[in-house]
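Peer 1: Give me coordinates for this.
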Amino acid sequence: MPLNIALMVVGAAILVGGGEILIRGAAALARTLGISATIVGLTVVAYGTSAPEFVVSVMATLDDKPGICAGNIVGSNILNVLLVLGVTALIYPIQATAVFVRREVPIMVGVSVLFLFLSRNGDLARPEAAVLVFLLFGYTALTVWIAKREKASVAREYEDVQPSPMKRTIAVNLLLIVVGLAMLGGGSELFLRGAVEIAKAIGISDSIIGLTLVAFGTSFPELAACVVAAYRKHPDICLGNVIGSSIYNLLAIGGISGLITPLPFEPDMIRVHIPLMAGAAVLLWPMVTTSFRISRREGLILLTCYTLFMIWTILRQTR
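Peer 2: Numbers count the residues shown, from 1 in each chain. Got it, this is the predicted structure:
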């Protein structure tokens with residue numbers, strides 16, 4: 001037990017450091033290329049910080065533990081919206097551009113509702129998983145197309161976000177991103193190893209491990225990166241990161257894992273957890289469309305919802 005706790009502490013420390021390096025590289029890269037920080041968050045940062053979820057979910061599928069995989073996907077998205085955005089907004093209110101709200105949040109809501117619809121029959125079959133992968137390619141292509149169109153116009157807008165960046169070459173910024181992502185992945189692996197072993201020793205089921213501890217461990221990179229972004233006053237990167245990660249979790253991780261083997265969903269997952277995931281996405285929509293920002297009060301609402309969800313999950317497990 002002491003060794004597992006030590007692994008979690010060391011992993012968390014590496015994650016925080018990796019988040020700082022990643023945000024520095026991503027913000028500077030966006031400025032250098034004239035691309036908005038939101039687009040960088042939706043692609044490089046979001047996909048990179050979702051790598052732990054991808055690795056854990058695919059390995060769980062190959063190891064014949066689909067419960068961990070399904071729980072990780074759903075739990076990570078619940079955590080991303082309620083905990084990560086909640087904590088970040090409490091540190092620094094999150095501002096969203098009107099274009100971003102009109103485009104990305106509805107996509108996340110639509111993908112979440114689609115996943116809810118596909119899960120109604122009790123599993124995610126290969127044809128349904130193929131639909132998710134197809135949508136992933138379409139979403140990525142759309143993001144790249146938008147980034148190219150916005151390149152000239154958003155350069156001036158980004159001046160207000162990062163007025164005095166440290167000038168570095170593209171190669172150096174990419175190296176910082178790679179190092180940051182590597183630290184996030186390695187730190188997450190150490191954290192997960194300790195958390196899962198502790199959970200098994202206590203006697204928690206695979207699905208609950210995936211929904212809570214594994215989801216928390218694999219989403220820790222998003223949390224670390226967003227907290228750092230908030231402290232450095234780059235909340236646009238944070239919002240893009242969370243929305244992009246949530247979309248990526250469902251389309252890429254759910255789709256690819258489902259292609260390997262159909263993902264079964266337990267009754268509680270169908271009745272409660274997946275609807276809650278979709279509900280969290282729907283709850284976020286009016287928050288960012290009313291004033292194009294997530295205030296501290298709204299962040300507290302999100303964080304309270306996640307706390308109640310965790311209390312309910314733990315109480316059901318201990319019955």
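Peer 1: Over whichever strand or helix holds Leu174, what's the mean pLDDT, rounded is fine.
Peer 2: For Leu174, the host element (DSSP states H and E) is helix 170-202. Mean pLDDT, computed over helix 170-202, is 79.
Peer 1: So for the residue nearest the centre of the chain, what's the pLDDT?
Peer 2: Nearest residue to the geometric centre of the chain (Cα atoms, centre = their mean): Ser245, 3.7 Å. Looking at Ser245, its pLDDT stands at 83.
Peer 1: Which other helices and strands does the helix or strand hosting it contact?
Peer 2: Following DSSP H and E, one finds Ser245 within helix 235-248. Identification of packing neighbours for helix 235-248 by 3 or more Cβ pairs under 8 Å, 6 or more residues apart in numbering; DSSP states H and E yields helix 2-33, helix 37-40, helix 46-49, helix 85-91, strand 94-95, helix 98-118, helix 215-231. Where C-beta positions appear, they are placed from N, C-alpha and C, glycine not excepted.
Peer 1: ok and that helix relative to helix 215-231, angle-wise?
Peer 2: 160 degrees (axes from the mean of the first three to the mean of the last three Cα atoms, to 10 degrees).
Peer 1: CA atoms only for helix 235-248, dumped as PDB, please.
Peer 2: Output in PDB follows, covering the C-alpha atoms of helix 235-248 (Å, rounded to 0.1, in the frame of the first residue of the first chain):
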ATOM      1  CA  PRO A 235      -8.600  29.500 -20.200                       C
ATOM      2  CA  ASP A 236      -9.400  29.300 -24.000                       C
ATOM      3  CA  ILE A 237      -6.800  26.500 -24.200                       C
ATOM      4  CA  CYS A 238      -8.500  24.800 -21.300                       C
ATOM      5  CA  LEU A 239     -12.000  24.900 -22.800                       C
ATOM      6  CA  GLY A 240     -10.700  23.700 -26.200                       C
ATOM      7  CA  ASN A 241      -8.800  20.900 -24.400                       C
ATOM      8  CA  VAL A 242     -11.800  19.700 -22.500                       C
ATOM      9  CA  ILE A 243     -14.300  19.800 -25.400                       C
ATOM     10  CA  GLY A 244     -11.800  18.300 -27.800                       C
ATOM     11  CA  SER A 245     -10.900  15.500 -25.300                       C
ATOM     12  CA  SER A 246     -14.500  14.700 -24.700                       C
ATOM     13  CA  ILE A 247     -15.200  14.400 -28.400                       C
ATOM     14  CA  TYR A 248     -12.100  12.400 -28.900                       C
END
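Peer 1: Tell me which helix or strand comes right after that helix.
Peer 2: helix 255-260.
Peer 1: count of neighbours near Glu222?
Peer 2: For Glu222, the count of nearby residues is 32 (other Cβ atoms under 10 Å).
Peer 1: Could you measure from it over to Gly75?
Peer 2: To Gly75, Glu222 is 12 Å away according to Cβ to Cβ, to the nearest Å.
Peer 1: Quick check: which ranges of the stretch 151-300 of the chain have low pLDDT?
Peer 2: 151-167, 192, 199, 204-207, 210, 218, 221, 234-237 (pLDDT under 70).
Peer 1: ok, Val10 - contacts?
Peer 2: Going by Cβ atoms under 8 Å, 6 or more residues apart in numbering, Val10 touches 187, 190.
Peer 1: one more time with 7 Å, if that's ok
Peer 2: Shown in contact with Val10 (Cβ atoms under 7 Å, 6 or more residues apart in numbering): Leu190.
Peer 1: where does it land on pLDDT?
Peer 2: In this model, Val10 carries a pLDDT of 87.
Peer 1: Can you tell me how far it is from Ala125?
Peer 2: Taken as Cβ to Cβ, the span from Val10 to Ala125 is 40 Å.
Peer 1: same question, Cys305
Peer 2: 31 Å.
Peer 1: who's more crowded, those two?
Peer 2: Cys305 (19 against 15).
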